[in-house]
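> Pasting the sequence and the predicted model now:
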Amino acid sequence: MRDRVYLDWNATTPLRPETRAAMAAAFDVSGNPSSVHSEGRAARRLIEDARAAVAEAVGADLRSVIFTSGGTEANALALAPGLHRNGGEPVRRLIASAVEHPSVLAGGQFAQSALEIAPVLSSGVIDLESLAAVLASGPPALVSVMLANNETGAIQPVPEVAALVHAAGGILHVDAVQALSKIPININSLGADILTISAHKVGGPKGIGAVALSTGLEGLHALVRGGGQEQGRRAGTENVTGIAGFGAAVRAATSSMGADSVRMKALRARLETGLRNHPGTVIFSDAVARLPNTTLVSVPGLKAETAVIGFDLEGIAVSSGSACSSGKVQPSHVLQAMNADPALLQGAIRLSLGWDTTEADVDRCLEAWIKLSGVLRKATAIGLEQF
Ligand code: PLP
């Protein structure tokens with residue numbers, strides 16, 4: 001039996017062996033990729049090879065991929081006023097779905113006060129009618145809608161969103177950070193104009209991400225200036241080892257995606273069947289298409305922070321579906337946007353599986369859940385403070 005069971009793969013993933021090997025090899029490539037000598041060209045080859053892997057994973061043109069320091073920077077770069085297509089009108093306002101990652105809700109290069117929110121339904125899926133109304137209320141907009149939610153795993157109807165956005169003369173940004181290597185991605189079939197991803201969610205290193213553009217998108221300007229790297233769109237000597245690790249991770253992740261997804265779906269079904277044995281259990285977004293690895297669960301009266309510690313003491317790493325900012329646990333903005341029952345808001349726990357999760361891991365998690373929910377039952381029955 002393993003010492004620890006890791007069920008927090010949406011937070012981050014362990015390095016894949018392929019990533020480790022590629023990074024170890026890249027550490028010995030000492031040149032600066034901008035140098036013209038042989039050492040420099042060797043470093044450049046690593047970057048361009050990784051770029052090809054990333055471009056292929058999202059169906060984008062090789063030259064459109066820009067490496068960044070992660071998903072957060074990729075989102076900040078992508079949310080740019082002035083984006084336009086083939087001489088069209090540049091976008092002047094930003095609309096984001098209410099369940100976006102904080103790095104999108106921060107507004108990128110738009111003033112945060114200029115951000116308009118498109119609501120979601122109680123399933124966690126974007127409300128297309130409301131989006132159409134927001135789009136119709138002003139000039140062409142940049143719209144940001146994630147492909148899959150990091151908390152619930154809900155998959156958004158991105159092609160339908162794209163049709164609405166384009167009909168209104170807008171541009172669509174898709175945060176595909178959580179979807180990468182869990183479901184197939186193709187920038188063109190999604191109808192995305194600009195798409196963002198991150199390495200550490202797919203077995204790559206932390207601190208590397210990328211933006212991919214669809215053909216004909218113009219108006220993206222560097223956020224980090226002062227060098228010609230990444231075709232002048234992201235200055236600074238490239239993180240060669242990180243980029244090489246990203247390329248290796250994305251190749252390995254996409255080649256095993258089909259088999260991993262089937263396995264994770266079966267494991268998640270086993271997990272959710274067990275969780276539902278506890279009366280009152282609610283699994284969010286379970287009626288809509290979800291990532292194969294994600295379960296966001298809550299039971300009335302459960303306090304997520306206490307439960308996460310309880311799981312940790314049982315040797316299991318899970319996360320709460322609420323954000324911890326400045327030491328205070330806030331109810332999840334995603335669940336609030338979904339109008340979740342206030343009794344469930346404080347108790348949401350996210351269980352996210354990965355490529356090496358086993359049946360034994362799931363069963364151990366369920367044993368811990370029974371133990372913890374038993375404590376909960378007793379505590380509530382005798383009127384103790386909820387745990
Ligand atoms: N977007 C989504 C949906 C995420 O889940 C995350 C990370 O949790 C990010 C963006 C940010 O990515 P990074 O951690 O690489 O900055």
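Thanks, I have it. All values derive from a computational prediction rather than experimental measurement. Residues are numbered from 1 along each chain as shown.
> got the residues of the stretch 101-250 of the chain near the ligand?
Contact residues, the stretch 101-250 of the chain versus the ligand (C-beta under 6 Å from any ligand atom): 101, 103, 146, 150, 175, 177-178, 198, 200, 209. The C-beta positions use only the backbone N, C-alpha and C, and glycine is treated the same way.
> In a markdown table: those residues, plus pLDDT.
Below are these laid out as a markdown table (pLDDT from 0 to 100):
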| residue | pLDDT |
| --- | --- |
| H101 | 97 |
| S103 | 96 |
| M146 | 98 |
| N150 | 97 |
| D175 | 98 |
| V177 | 98 |
| Q178 | 98 |
| S198 | 98 |
| H200 | 98 |
| G209 | 98 |
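> top of those residues by neighbour count?
D175 (31 neighbours; other C-beta atoms under 10 Å).
> of all the residues of the stretch 101-250 of the chain next to the ligand, which two lie farthest apart?
M146 and H200 (16.7 Å; C-beta to C-beta).
> Please enumerate the helices of this protein.
In the chain, the segments counted as helices under DSSP state H are 17-27, 38-58, 71-78, 102-105, 128-136, 158-167, 187-190, 229-232, 240-255, 257-275, 304-313, 333-337, 342-345, 359-381.
> Where does the protein get nearest to the ligand, residue-wise?
G71 (2.4 Å; C-beta to the nearest ligand atom).
> Next step: the residues of the stretch 101-250 of the chain next to the ligand restricted to strands.
175, 198, 209 (DSSP state E).
> residue contacts, the second one?
Taking C-beta atoms under 8 Å, 6 or more residues apart in numbering as the contact definition, S198 lies against 70-71, 74, 177, 180, 208-210.
> What of the last one?
Taking C-beta under 8 Å, 6+ apart as the contact definition, G209 lies against 67-74, 177, 196-199.
> can you put those in a markdown table and add distance to G274?
Shown next, in a markdown table, are the contacts of G209 (distance: C-beta to C-beta, whole Å):
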| residue | distance to G274 |
| --- | --- |
| F67 | 41 |
| T68 | 39 |
| S69 | 39 |
| G70 | 34 |
| G71 | 32 |
| T72 | 35 |
| E73 | 39 |
| A74 | 37 |
| V177 | 29 |
| T196 | 35 |
| I197 | 32 |
| S198 | 31 |
| A199 | 32 |
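> Next, count neighbours for the closest residue to F27 other than its chain neighbours.
Among residues not flanking F27 along the chain, T241 sits closest, at 5.7 Å (C-beta to C-beta, 6 or more residues apart in numbering). Applying other C-beta under 10 Å, we find 20 residues neighbouring T241.
> Surely T241 and M23 touch.
Yes: T241 lies in contact with M23 (C-beta atoms under 8 Å); the separation is 4.9 Å.
> which neighbours do these two share?
In contact with both T241 and M23: P205, using C-beta under 8 Å, 6+ apart.
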